[in-house]
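Peer 1: I'd like to go over a predicted model; first the sequence, then the structure.
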Amino acid sequence: EPEVTQTPSHQVTQMGQEVILRCVPISNHLYFYWYRQILGQKVEFLVSFYNNEISEKSEIFDDQFSVERPDGSNFTLKIRSTKLEDSAMYFCASRVGLAGGSSYEQYFGPGTRLTVT
Amino acid sequence: AQSVTQLGSHVSVSEGALVLLRCNYSSSVPPYLFWYVQYPNQGLQLLLKYTSAATLVKGINGFEAEFKKSETSFHLTKPSAHMSDAAEYFCAVSEKNNDMRFGAGTRLTVKP
């Protein structure tokens, strides 16, 4: 069964460094998302991406964050200058986006645990 | 904008007892509703979803949920808890073509 994959599974970085989290969505999906989950807290929406542009973003997604779909398969989240509070699990998700009920289901990757020291 | 509220951050039941995890939603349009389970140090696994078809939805691992529009609820139930059900459960709502908004989660503990 197709699945969303994410790399790396764990990333440790120093405060102020740039990090890029990578995701490979399911191949025929059209909508892509990033969420984050600070340890012990709920999953929070960061950004959605469709047709090569951001369709929606939350207040968390400030100028330090950017997303890109550099080729036909990867979807990346970049944090330009990491802060301690960026430490979290970051989940990528994708969905088909066609008309019909099942198209609204988002498929989640296993997550990347980002630790900022 | 859509949102969900999960009542009870922690629920504890005995093995074999009924599991009831509560979720209420707010949405300006007919919503799509989901329950996800997260085991320790793992990602999110879809348990079940409501997408405007049958109001009683059956999912994996014996879980089910009923969409009640009049109560704006989508509570998750399982008749008989198993030790392997211990996990964090998240209710989520999505409006058409929108992002998914999650509740704060409910940690389920199952006592032997």
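Peer 2: It's in.

Peer 1: and the least confident helix or strand in chain A by mean pLDDT, is it in reach of chain B?
Peer 2: Least confident element among the helices and strands of chain A, by mean pLDDT, DSSP states H and E: strand A:107-108 (a mean of 89). Yes - interface with chain B: strand A:107-108 contributes A:107-108 (C-beta under 8 Å from any C-beta of the partner chain). Glycine gets a C-beta too; all of them are placed from N, C-alpha and C.

Peer 1: C-terminal to that strand, what's the next element?
Peer 2: As assigned by DSSP states H and E, the chain's next helix or strand after strand A:107-108 is strand A:112-116.

Peer 1: give me the pLDDT for the residue nearest in space to the middle of chain A.
Peer 2: When C-alpha atoms, centre = their mean is applied to chain A, the residue found nearest the centroid is residue A:34 (2.8 Å). At residue A:34, the predicted lDDT confidence score is 96.

Peer 1: just to revisit the earlier point, elements contacting the least confident helix or strand of chain A?
Peer 2: Contact partners of strand A:107-108 among helices and strands, from 3 or more C-beta pairs under 8 Å, 6 or more residues apart in numbering or on different chains; DSSP states H and E: strand A:88-95, strand B:44-50.

Peer 1: and the first one, how far out from the chain's middle?
Peer 2: Relative to its parent chain, strand A:88-95 has a centroid offset of 4 Å by C-alpha atoms, centre = their mean, to the nearest Å.

Peer 1: model confidence score at residue A:100, please.
Peer 2: At residue A:100, pLDDT is 51.

Peer 1: quick one: low-confidence parts of chain A?
Peer 2: Applying pLDDT under 70 to chain A flags the ranges A:98-103.

Peer 1: residues from it in reach of chain B?
Peer 2: A:31, A:33, A:35, A:41-45, A:48, A:56, A:58, A:91, A:93, A:97, A:101-102, A:104-111.

Peer 1: related to what we said a few turns ago, what sits against the residue nearest to the centre of chain A?
Peer 2: The contact partners of residue A:34, by C-beta atoms under 8 Å, 6 or more residues apart in numbering or on different chains, come to A:21, A:23, A:46-47, A:67, A:77, A:90-93.

Peer 1: circling back: just the buried residues from the residues of chain A next to chain B, in PyMOL please.
Peer 2: Paste this into PyMOL to select the buried members of those, with burial taken from 16 or more other C-beta atoms under 10 Å in any protein chain shown:
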select buried, chain A and resi 31+33+35+42+43+44+45+48+58+91+93+104+105+106+107+108+109+110+111
